[in-house]
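J.: next comes the sequence, and after it the predicted model I'd like to discuss.
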Amino acid sequence: MSLDDYILAHIDPEPDYLHRLWRATHLHLNYPRMASGHLQGRLLSMLTHMIQPHRVLEIGTYSGYSTLCIASALEPGAVIHTIEINDEQEDFTRPWLEGSPWADKIRLHIGDAIAILTESKSPILTTPEGEPRSFDLVFIDADKRQYVDYYHAVFQHVRPGGYILADNTLWDGHVVDDGMDHSPHNGKEAQTQGILAFNDLVASDPSVERVILPLRDGITLIRKLPTSVL
């Protein structure tokens with residue numbers, strides 16, 4: 001038995017609906033490794049239970065696995081807004097979200113996250129009366145080249161004391177790989193540089209607390225200090 005198998009055998013089992021989504025993701029989508037999966041999914045659910053957020057934002061929906069893990073742990077009346085840039089993904093993902101036991105807690109948005117988050121009078125960010133909304137929890141798991149941009153776009157909308165989670169921040173170990181091909185035409189290198197810039201930005205930000213967990217591809221937990229200003 002591998003260490004991974006041992007861990008999975010000693011944590012909560014994967015809910016049946018999520019297991020079926022995991023299988024469908026591997027059967028029908030490219031790059032199924034992008035889905036959070038059983039272990040990270042249980043972590044996201046546990047963190048959501050601990051934080052007890054009322055409003056959650058997710059950047060990067062993909063197949064909806066992480067969305068559902070977070071939604072399953074939300075209290076009644078809480079909601080997660082999730083943004084997916086790839087409109088071709090919607091035909092697969094939306095039925096899984098809307099057919100889930102937590103559909104009433106999920107709002108799927110198709111479009112560019114930066115554009116949505118910087119749009120004047122965005123319904124995600126403002127009430128019908130024009131009052132600003134804030135988020136208790138943000139999960140970033142999208143284009144690694146834009147992580148710095150995502151951070152700047154969401155930070156002002158995270159309430160003081162709220163949390164930002166960022167996935168893939170160890171990027172398969174490439175953050176410490178000096179032997180990578182640094183050619184400007186290497187797409188993996190551009191994404192690595194995006195992660196490196198993001199990690200450096202967060203590490204030097206005096207307005208947050210942060211810790212990186214070496215789980216799967218690395219996940220960074222960031223807490224906006226209560227003294228920070230929206």
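T.: Arrived safely, thanks for sending.

J.: going by C-alpha atoms from here, please, whenever you check contacts or count neighbours.
T.: OK.

J.: so who does residue 126 touch?
T.: 132-133 (CA atoms under 8 Å, 6 or more residues apart in numbering).

J.: any idea what it is bridged to?
T.: residue 132 (DSSP bridges).

J.: so residue 30 sits in a helix?
T.: No - counting by DSSP: H, G, I helix; E, B strand; the rest coil, residue 30 is not part of a helix but coil.

J.: quick one: it from residue 119, how far?
T.: Distance of residue 30 to residue 119, given as CA to CA, to the nearest Å: 31 Å.

J.: what about these two, which has more around it?
T.: Taking neighbours as other CA atoms under 10 Å, residue 30 and residue 119 compare with residue 119 leading, 12 against 9.

J.: what sits up against the strand ranked longest in the chain?
T.: Scanning the chain for the strand with the most residues, using DSSP state E, yields strand 158-167. Strand 158-167 has contacts (CA under 8 Å, 6+ apart) with 134-141, 217-230.

J.: likewise for stretch 94-103?
T.: By CA under 8 Å, 6+ apart, stretch 94-103 touches 17, 21, 64, 68, 71-72, 104, 106, 108.

J.: on that earlier part again, and the buried ones among the contacts of strand 158-167, selectable in ChimeraX?
T.: Here is the ChimeraX command that selects the buried residues among the contacts of strand 158-167 (16 or more other CA atoms under 10 Å):
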select :134,135,136,137,138,139,140,141,218,219,220,221,222,223,224,225
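
J.: so which of the contacts of strand 158-167 are in strands?
T.: 135-140, 219-224.

J.: quick check, nearest of the residues you listed to residue 53?
T.: residue 136 (5.1 Å; CA to CA).
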